[in-house]
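*Asks:* the sequence isn't on hand, but the structure is:
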């Protein structure tokens, strides 16, 4: 019998967030480079926003809870409201929340899938405090069950937790193909999307390190990679980019991020990614092995290479 997650009524007053959200949506421009890094959420939204401004960014990613899972911290409505004002004044792009790594929607053990259901449903409920942004997750690892079984299980959970009234778009992340990861190619992501009822609530986050390690040559044939993405998934579903260099050669299936310009992909190729028509107006998130000083340098470097449309 198909399980259905009963999403609790959102305890927050959306009116706190809706006004600034609408203002930000109207002011976002496809001609602007929206770039930032993954940052700590431990001190709340306003602190994340201030840190990103210090880094030279205008978007960011954050874990919705401890990356290893567990209970999430309570959200302070006043903190959200203060962040909303900051985001409006500084023309922030969409935010990219990240699910915990321990969330495996296609695990073989049902208790692990129950954990994934509960975490995703709770995260989506909480994200309505900052409406209209993104929730990114790793599709999961099938742990020997086979990709087909994994794809079916991932879609099943998405069908249980997605709701018609949610404003958050859930992003499937492109994976490198390490171990038994699902999402190692565009076809697997498309198969997940095809099995989900509320397709308008789904998008894709393309990780440059992952696709490179997965065998997509974004260095020598970026146009063809985006053309293949468009043919299989559709560029309208490309909502965010994890902008990372890679420590490994093309097709290594290893997933080891490198700093911008210090890996096998290289600065020139990543600059072509941020300037490509397919990525216009979407958030770029740095997940490079850095601290704030390093991310500040990378953001400035990439802004300098961005060609204003």
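*Replies:* On my side now, so go ahead. Everything quoted here is computed from the prediction, not taken from an experiment.
*Asks:* which stretches of the chain form helices?
*Replies:* Taking DSSP state H as the criterion, the chain contains helices spanning 15-27, 45-55, 77-89, 110-127, 147-161, 186-194, 208-213, 222-232, 267-275, 292-305.
*Asks:* and the angle from the fourth one to helix 147-161?
*Replies:* Comparing the axes of helix 110-127 and helix 147-161 via axes from the mean of the first three to the mean of the last three C-alpha atoms, to 10 degrees yields an angle of 40 degrees.
*Asks:* which neighbouring elements make contact with helix 110-127?
*Replies:* strand 134-137, helix 147-161 (3 or more C-beta pairs under 8 Å, 6 or more residues apart in numbering; DSSP states H and E). Using the backbone N, CA and C atoms, a C-beta is placed for each residue, glycine as well.
*Asks:* just the last one next, same as before
*Replies:* Here helix 292-305 touches strand 35-37, helix 45-55, helix 267-275, strand 284-286, going by 3+ C-beta pairs under 8 Å, 6+ apart.
*Asks:* quick one: buried residues of the third one?
*Replies:* So the one you mean is helix 267-275. By neighbour count on 16 or more other C-beta atoms under 10 Å, the buried set for helix 267-275 is 267, 269-271, 273-275.
*Asks:* pull the number of nearby residues for the residue nearest to residue 184 when sequence neighbours are not counted.
*Replies:* Nearest non-adjacent residue to residue 184, counting by C-beta to C-beta, 6 or more residues apart in numbering: residue 177, 3.4 Å away. Residue 177 sits with 22 neighbouring residues when counted by other C-beta atoms under 10 Å.
*Asks:* what's the answer for residue 31, then?
*Replies:* A count of nearby residues for residue 31, using other C-beta under 10 Å, gives 9.
*Asks:* contacting residues around the residue nearest the centre of the chain?
*Replies:* The centroid of the chain falls nearest to residue 136 when counting by C-alpha atoms, centre = their mean (3.5 Å). Contacts of residue 136 were listed using C-beta atoms under 8 Å, 6 or more residues apart in numbering, and they are 61, 96-99, 170-171, 173, 205, 240.
*Asks:* nearest to residue 300, of these?
*Replies:* Residue 300 has its nearest neighbour among the contacts of residue 136 in residue 61, at 18.7 Å by C-beta to C-beta.
*Asks:* I figured the closest one hits residue 98, correct?
*Replies:* Yes. The pair residue 61 and residue 98 passes the contact test of C-beta atoms under 8 Å, sitting 5.5 Å apart.
*Asks:* what sits in contact with each of the two?
*Replies:* What both residue 61 and residue 98 touch, as defined by C-beta under 8 Å, 6+ apart, is the set 38, 136.
*Asks:* cheers, nothing more for now.
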